[in-house]
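A.B. asks: here is a sequence with its predicted model. Questions after.
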Amino acid sequence: MEKEEIDSLRQFCGTLPDRTTSEDWLEPQYVRGISQMKVIPTSPVPRPSVVIDIYKGMFEGATSTWGEANIEGNWHQKWEKADAKARYFVIWNVLARNTLPMVFEDPVFQVQIVGGPRHFFDQYARTRIGANFKSIGCRDNSKLPAEFVLYSDLYDMMTDPKTPEEEKVAELLPEAFKAVKKAYKAIMDCGEGSYQSARAILPMSYNHQFSSGYNLAALMGTFARRSCLGEESFAVAAAFLLRKMLVDDYGLNMVGAVMKPACYRSKRCHYQGSMNGFGGLMFSNLFSPSDPICMNFVSKDAPSYSEFNKSCTDSQELIDANVGFMKPSDYIDLPPDYEQAKPYLSAWEIEAFES
């Protein structure tokens, strides 16, 4: 096959790299913080039958311990024999962690996460059990068109400096990013230049999209920790966008109701003074939990010690970006009674319980 034919086939298959070397991309483009982050569900396709399959699987798994021992007994297909109240009650207990925990490992979701910088991916792709990550290659594609996704405070320093120090940042930073773009293209224009060699000068703020797969146990565990404001804004935004996806796209309101940041559950900050004694000062406390949400969970006897006297993530930024951020008061504890809970369930959940 000729090169043009192979390229055409790769274009059709979605495996053709970005080979951009045009000077049109030499002017840097900037993104302010989490403003363009998205979580896109790819599999399964959101539809009512997905909710039925997930809750039915949870129900059958949670009730597998009991039943008649003979082959024709009542051990199997209990979902079909249960009414709406019984189905809901079992799922309520599953989500309350009163049953076998393995049922959370069965539902699997594939998502695409876009609008974040490379350093966010490097931090987020640490989940080892029940999750996988597939990201766009920086040695497989030209990164010349990539935007620079900056922390909001850094973006504001560069675009609207308030102090002489910030004015220095506003002067130097655009020059630095322009120099990176020019150097990247220069490497690409060399006879032996390649994406691989050019990536050596990429800053960690370049836009980097990726796909992830999670079973529900891993997704809920990722959310519990990454949704705390001691994490960087991109990680927190992604966590709440994942929760928002389960509620808005899949109608899994019951799952969303129990997905709470770890600090909401424990009523204590997991970053400031999170460990008793001297060790807590050695291994935590990079940022101060000064956000109004964080202050609810800081112990009065916690050490007043941090490297930076501000919160890692600003809850107001999350609210403004519409990532689905939830304050503690926004959560509703669903009752175990189906009729009482029904007003808070999605139409797809009601269909699953009553079909």
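C.D. replies: Everything's here; your move.
A.B. asks: which SSE is immediately downstream of the helix or strand where residue 246 lies?
C.D. replies: Secondary structure from DSSP states H and E places residue 246 in helix 233-248. For helix 233-248, the succeeding helix or strand toward the C-terminus, using DSSP H and E, is helix 253-258.
A.B. asks: circling back: so which elements touch the helix holding residue 246?
C.D. replies: Helix 233-248 sits against strand 38-43, strand 108-114, helix 118-124, helix 216-226, helix 253-258, helix 315-320, with contacts defined as 3 or more CB pairs under 8 Å, 6 or more residues apart in numbering; DSSP states H and E. All C-beta spots, glycine's among them, are computed from the backbone N, C-alpha and C.
A.B. asks: do that again at 6 Å, thanks
C.D. replies: strand 38-43, helix 216-226, helix 253-258 (3 or more CB pairs under 6 Å, 6 or more residues apart in numbering; DSSP states H and E).
A.B. asks: mind checking these for the one nearest to residue 60?
C.D. replies: When the helices and strands packed on helix 233-248 are compared by CB to CB, helix 216-226 sits nearest residue 60, at 15.1 Å.
A.B. asks: let's see that closest one as CSV, backbone CA atoms only.
C.D. replies: Output of helix 216-226 as CSV, limited to C-alpha atoms (Å, rounded to 0.1, in the frame of the first residue of the first chain):
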residue,chain,number,x,y,z
LEU,A,216,-17.9,1.2,40.2
ALA,A,217,-15.8,0.4,43.3
ALA,A,218,-12.8,2.1,41.8
LEU,A,219,-14.8,5.1,40.6
MET,A,220,-16.4,5.6,44.0
GLY,A,221,-13.1,5.2,45.8
THR,A,222,-11.4,7.7,43.4
PHE,A,223,-14.2,10.2,44.0
ALA,A,224,-14.0,9.9,47.8
ARG,A,225,-10.4,11.1,48.0
ARG,A,226,-10.0,13.2,44.8
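A.B. asks: now it: how far from the chain's centre is it?
C.D. replies: 9 Å (CA atoms, centre = their mean, to the nearest Å).
A.B. asks: quick one: buried residues of it?
C.D. replies: For helix 216-226, burial by neighbour count (16 or more other CB atoms under 10 Å) applies to 216, 217, 218, 219, 220, 221, 222, 223, 224, 225, 226.
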